[in-house]
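A.B. asks: Sequence first, then the predicted structure:
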Amino acid sequence: MSSESEEVQVRPGVEADLTALTDIYNHYVLETPITFDTAVFTPEERRPWLLSHLEDGRHRLIVASTENSQRILGYATSSAFRAKPAYGTSVEVSVYLAPDAGGRGVGTLLYEALFEALAGEDLHRAYAGIVPPNEASLRLHERFGFRYVGTYREVGRKFGRYWDVAWYEKEL
């Protein structure tokens, strides 16, 4: 895949990516209802999140970057769905792209790599919460076989209004 004449590299996330990943996430905190965090993070505050996504196991962090400049274009994660042990074979997945990286197939590359990495793990289901309207996210998840299972109505308040979260699941 070509992006601004540079190939996109998809790889596990590493600690050196922390500042760029935090910047991408903070864009969504400040500008969108996609995450229900309401205050930006410093890289140091995000370090535990990064360290909870190992290079193997159920909880992964996959990063897309430009091969030549090493600019981070986005990332995908699989994280704990819920904290209780019986939920252990379920993960919540998400993709966050740099504001100028959408519409170029980066999300598809990230999910391809994430689901390939998870294929050998003891996992049963992946879940994704999408705050409507978000057609790009909906199309991406449907492309990977997610199906709609229900909506939590007005479950989060951000920017002075309530937002729904539509939930999708995929068999692993």
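C.D. replies: Structure received. Residues are numbered from 1 along each chain as shown.

A.B. asks: Tyr96 touches Ile72, doesn't it?
C.D. replies: No - Tyr96 sits out of contact with Ile72 when judged by CB atoms under 8 Å, with a separation of 10.1 Å. The way it works is simple: take the backbone N, C-alpha and C, and place the C-beta from them, glycine included.

A.B. asks: got any residues that touch both of the two?
C.D. replies: Residues touching both Tyr96 and Ile72 (CB atoms under 8 Å, 6 or more residues apart in numbering) are Ile24.

A.B. asks: need the contact list for Thr89.
C.D. replies: Contacts of Thr89 by CB under 8 Å, 6+ apart are Asp122, Leu123, His124, Arg125.

A.B. asks: Mind checking which of the residues you listed are in strands?
C.D. replies: Of those, the ones assigned to strands by DSSP state E are Arg125.

A.B. asks: any idea which helix or strand comes after the helix or strand bottoming out on mean pLDDT in the chain?
C.D. replies: Ranked by mean pLDDT, DSSP states H and E, the helix or strand of the chain with the weakest confidence is strand 2-3, at a mean of 40. Next helix or strand after strand 2-3 toward the C-terminus (DSSP states H and E): strand 6-12.

A.B. asks: Only alpha carbons, please: show stretch 11-20 as PDB.
C.D. replies: Extracted in PDB, the C-alpha atoms of stretch 11-20 (Å, rounded to 0.1, in the frame of the first residue of the first chain):
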ATOM      1  CA  ARG A  11       4.200  -4.000  13.400                       C
ATOM      2  CA  PRO A  12       3.800  -4.500  17.100                       C
ATOM      3  CA  GLY A  13       3.800  -1.200  19.000                       C
ATOM      4  CA  VAL A  14       6.900  -0.400  21.100                       C
ATOM      5  CA  GLU A  15       7.600   2.000  23.900                       C
ATOM      6  CA  ALA A  16       9.300   4.400  21.500                       C
ATOM      7  CA  ASP A  17       5.800   4.900  19.900                       C
ATOM      8  CA  LEU A  18       4.300   6.200  23.100                       C
ATOM      9  CA  THR A  19       4.300  10.000  22.400                       C
ATOM     10  CA  ALA A  20       2.900   9.600  18.800                       C
END
